[in-house]
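> I need the structure of the sequence given here:
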Amino acid sequence: MRNTLLCAILFCFLPALNGQTTDAVAVQVATTTLNAAQLASLHGSPILLVAAPGAGKALAPFSAIFQLKAGTSPYTVAPDSHVLLYVGQTFNNVTRANATRFLDQTSSQIFMAEGIGGIGISPQSTLDNAPLMVENDSSTEWTGGDGTVTITVYYTVVSLQ
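Below you'll find the model as predicted:
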């Protein structure tokens, strides 16, 4: 009984004494599959991957995996276009997969982000209660393809100060 009480005290009060909180400790996973119609309109209609976490909170994505399940025909993509993940606004770029050598292939492909180094400095107002989105960052839509892309994102939710 004494050991249980000691463990409860250490678990509940020790983090507070050290200035630590239990916020943002849970790793969360979101997986979304985009069909051919969604991919063909992704420039004009970005897709929600993770909903906004609520006022005073920000999403902190740290890993992303893109999987192309090739169909019978590859997509026609513009040079320098990407499958772009961003938080809130496109300048809060989390990571991106080059559409060339990914969507324009005849066989299934995988892109694993090499760790997400962060978005850099950004106004807090653009991250507070902002969703994680995916879009085609090209000036034109991708055409001709019939494959799907599954995006898996690992993230935490952080309370803003």
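> how about the secondary structure of the residue lying closest to Gln105 once chain neighbours are set aside?
For Gln105, ignoring the flanking residues on the chain, the nearest one in space by CB to CB, 6 or more residues apart in numbering is Pro74 at 5.7 Å. C-beta coordinates here come from the backbone N, C-alpha and C atoms, glycine included. Reduced to three states with DSSP: H, G, I helix; E, B strand; the rest coil, the structure at Pro74 is coil.
> what pairs with Ile110 across the strands?
Note on Ile110: beta-bridge partners by DSSP bridges are Gln67.
> what about the strands in this protein?
Remark: strands assigned in the chain by DSSP state E are 28-34, 47-50, 57-69, 82-87, 93-98, 109-112, 132-136, 148-159.
> can I get those in CSV with mean neighbour count and mean pLDDT?
Shown next, in CSV, are the strands of the chain (neighbours: other CB atoms under 10 Å; pLDDT from 0 to 100):
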stretch, mean neighbour count, mean pLDDT
strand 28-34, 14, 98
strand 47-50, 18, 98
strand 57-69, 20, 96
strand 82-87, 24, 96
strand 93-98, 20, 93
strand 109-112, 15, 96
strand 132-136, 23, 97
strand 148-159, 18, 96
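> where does Ala24 land on pLDDT?
Note for Ala24: predicted pLDDT of 47.
> for Gly56, which non-adjacent residue is spatially closest?
Gly56 sits nearest to Leu160 (CB to CB, 6+ apart), 5.4 Å away.
> just the pLDDT for the one you found.
Reported pLDDT for Leu160: 96.
> can you check Gly120 too?
So Gly120 comes in at 82 (pLDDT).
> ok, now how distant is it from Ser73?
Using CB to CB, to the nearest Å, Gly120 is found at 38 Å from Ser73.
> so which of these two has more stuff around it?
Neighbours per residue, other CB atoms under 10 Å: of Gly120 and Ser73, the larger number sits with Ser73, 12 against 8.
> wait, isn't the more buried one in contact with Trp142?
No. The criterion here is CB atoms under 8 Å, and Ser73 misses it with Trp142 at 11.7 Å.
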